[in-house]
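Trainee: can't give you the sequence, but here's the structure:
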């Protein structure tokens, strides 16, 4: 079991950041994030998430042009913005990822199941991504305020990948945080039967 | 930053379990799981996940009747099976959860945005749920092989909640694990631009 301090790093004290310190995120850190998050469970190990780590100035401006006005400055300022995408042809990797059964055949021709599986599991992986980022001492700022069609055209043209959400990463400026918003109480969100 | 041991607890050594030790999960542990996972980020703090922790024998059998044949025995054997649901009327809680803006009005009347937000964010919260469970020393066995309409009828009738996925929790029997399936390499799933 993790200590209270570490549970704080992951959950209880972790905050979504909007302002970023001028401190870079290295390639090695991006590899570390992926090499943790990839182990999180997905349905039939389908692992549909595909990530573009946007760091270069020109690529960053391409992305900023796709985000809502309220997300532009923070996306520009963040050392890296990750586009969490989902490969809608994820099932073509199942012979590699789930070699002990013909899992590909469970999906081919069933578009509603393909769509739901890609969306659910790339979202799970997006959460693993954020927890892994925090576990490594970095901060996150996830965003869904962007034009997905523009992002798909700018970053995923000619592929089977579509954007799910985007997430700034770096070292947040804790002095710029707002007061924390409340959460639902256990009895509002859960029951035991 | 977490130690290698703790990163192992969350990701690198954590496994989805199919067989369960005969060791109960307490109400206090279920509250601890929720009181961690609730802090994970969601879009506009919308927090759409609703969880039913199924533990009683009669309720367990109601759920087992809804799962695929391959998931029946393990669901029956697990100390608790959590139904991770999503409240499709989550936006009605936004005046409470996001009090500094009229966020409810961003959703009302936009059904595609409601559907995508509920599904994406309850999936994120489902992943926080699994990471929190592991952080507390418990094991998970997530499943999407079940009849969602049957689960909705059995557990969410007369509500605005729909099932997203289900997840066994307890103490897994590590002796019964299969060999671990491979994951995509960094260059297969990610790029840095």
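Mentor: Received it, and whenever you're ready, just let me know what you need. Because the structure is a prediction, the values reported are computed rather than measured.

Trainee: In contact with the residue nearest the centre of chain A: list those residues for me.
Mentor: Nearest to the mean C-alpha position of chain A, counting by Cα atoms, centre = their mean, stands residue A:126 at 3.1 Å. Residues in contact with residue A:126 (Cβ atoms under 8 Å, 6 or more residues apart in numbering or on different chains) are A:49, A:84, A:142, A:164-165, A:167, B:124, B:127. Every residue, glycine included, has its C-beta placed from N, CA and C.

Trainee: relative to helix B:111-135, how tilted is whichever helix or strand it is part of?
Mentor: Counting by DSSP states H and E, the element that carries residue A:126 is helix A:111-135. Here the directions of helix A:111-135 and helix B:111-135 differ by 50 degrees (axes from the mean of the first three to the mean of the last three Cα atoms, to 10 degrees).

Trainee: Beyond helix A:111-135, next helix or strand please.
Mentor: strand A:139-143.

Trainee: quick check, that next one touching chain B?
Mentor: Yes. Using Cβ under 8 Å from any Cβ of the partner chain, we find that strand A:139-143 touches chain B at A:140, A:142.

Trainee: So what touches that strand?
Mentor: A:14-18, A:20, A:67, A:71, A:74-75, A:78, A:126, A:130, A:133-134, A:165-172, B:41, B:43.

Trainee: Strands of chain A, residue ranges please.
Mentor: Here chain A has its strands, by DSSP state E, at A:49-54, A:80-87, A:139-143, A:161-170, A:190-192.

Trainee: With distance to residue B:26 and mean neighbour count as added columns, please give the ones you listed in CSV.
Mentor: Converted to CSV, the strands of chain A look like this (distance: least, Cβ to Cβ, whole Å; neighbours: other Cβ atoms under 10 Å in any protein chain shown):
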stretch, distance to residue B:26, mean neighbour count
strand A:49-54, 34, 25
strand A:80-87, 35, 25
strand A:139-143, 31, 22
strand A:161-170, 34, 24
strand A:190-192, 10, 17
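
Trainee: would a markdown table of the ones you listed with distance to residue A:178 and mean pLDDT be doable?
Mentor: Below are the strands of chain A laid out as a markdown table (distance: least, Cβ to Cβ, whole Å; pLDDT from 0 to 100):
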| stretch | distance to residue A:178 | mean pLDDT |
| --- | --- | --- |
| strand A:49-54 | 25 | 98 |
| strand A:80-87 | 20 | 98 |
| strand A:139-143 | 12 | 97 |
| strand A:161-170 | 16 | 98 |
| strand A:190-192 | 27 | 98 |
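
Trainee: Serialize those strands to JSON lines and add fields for distance to residue A:9.
Mentor: What follows is those, written out as JSON lines (distance: least, Cβ to Cβ, whole Å):
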{"stretch": "strand A:49-54", "distance to residue A:9": "22"}
{"stretch": "strand A:80-87", "distance to residue A:9": "19"}
{"stretch": "strand A:139-143", "distance to residue A:9": "10"}
{"stretch": "strand A:161-170", "distance to residue A:9": "15"}
{"stretch": "strand A:190-192", "distance to residue A:9": "24"}
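
Trainee: related to what we said a few turns ago, report the buried residues of the helix holding residue A:126.
Mentor: A:114, A:116-135 (16 or more other Cβ atoms under 10 Å in any protein chain shown).

Trainee: cool, stretch A:172-191 as well?
Mentor: A:172, A:183-184, A:186, A:189-190.

Trainee: Let's see which of those end up in helices.
Mentor: A:186, A:189 (DSSP state H).

Trainee: which ones among the buried residues of stretch A:172-191 come in contact with chain B?
Mentor: Near chain B, by the rule Cβ under 8 Å from any Cβ, you find A:183-184, A:186, A:189-190 out of those.

Trainee: And these, which is closest to residue A:4?
Mentor: Nearest to residue A:4, judged by Cβ to Cβ, of those is residue A:183 at 18.0 Å.
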